[in-house]
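Enquirer: What would the 3D arrangement of this be:
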Amino acid sequence: MKYVTLIIFVLFLPFFAFADTYTGVAGAAQAMGDFFTDIWSFLDDDVPSFFERALAFFIEKLTLLRIAAQLEAIKLSWSVAKVVMENYQIASKVLSAANSLPRDVKAALLDMRFFDGLNIITQAFLARYVMRFL
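Expert: Numbers count the residues shown, from 1 in each chain. This is a model prediction of the structure:
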């Protein structure tokens, strides 16, 4: 308790407040000049700075919101494209078309992973098609 009283006493001592004293006509003129200088500084520096910071804040939030919306749209379009691929059974149609190929050609294409690549490319085109709607 002793230290708290000492800290409060030191913080509120009057010699920590240094201010200009205005006396007489020259002091009144100086006070008026300081008042108008402060008003001009507020209007010329602080107000534009506030609007600049506010605009930067809103643009930042809008940009983050747009990026988040685009990410969610990508997730939605991929889920829609996946449902379309399951409904049309694209992978099974590619596999059935591969089964009709001669055995050596099919083996070569499987070794090159051609059908996996074709499936990925088909999924990408379908996802891009769905993304055009969003």
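Enquirer: next SSE after the lowest-mean-pLDDT helix or strand in the chain?
Expert: Ranked by mean pLDDT, DSSP states H and E, the weakest helix or strand in the chain is helix 2-11, scoring a mean of 74. Counting by DSSP states H and E, the element after helix 2-11 in chain order, helix or strand, is helix 24-41.
Enquirer: packing partners for whichever helix or strand comes after that following helix?
Expert: Proceeding N to C from helix 24-41, the next assigned helix or strand is helix 47-88, under DSSP H and E. Using 3 or more CB pairs under 8 Å, 6 or more residues apart in numbering; DSSP states H and E, the elements in contact with helix 47-88 are helix 114-131. Where you see a C-beta, it was placed from the backbone N, CA and C, and this is true even at glycine.
Enquirer: now the residue located most distally from the centre of the chain: how far from Leu11?
Expert: Here the centre of the chain is the reference, and by CA atoms, centre = their mean the most remote residue is Gly24, at 57.3 Å. Using CB to CB, to the nearest Å, one gets 33 Å for the distance from Gly24 to Leu11.
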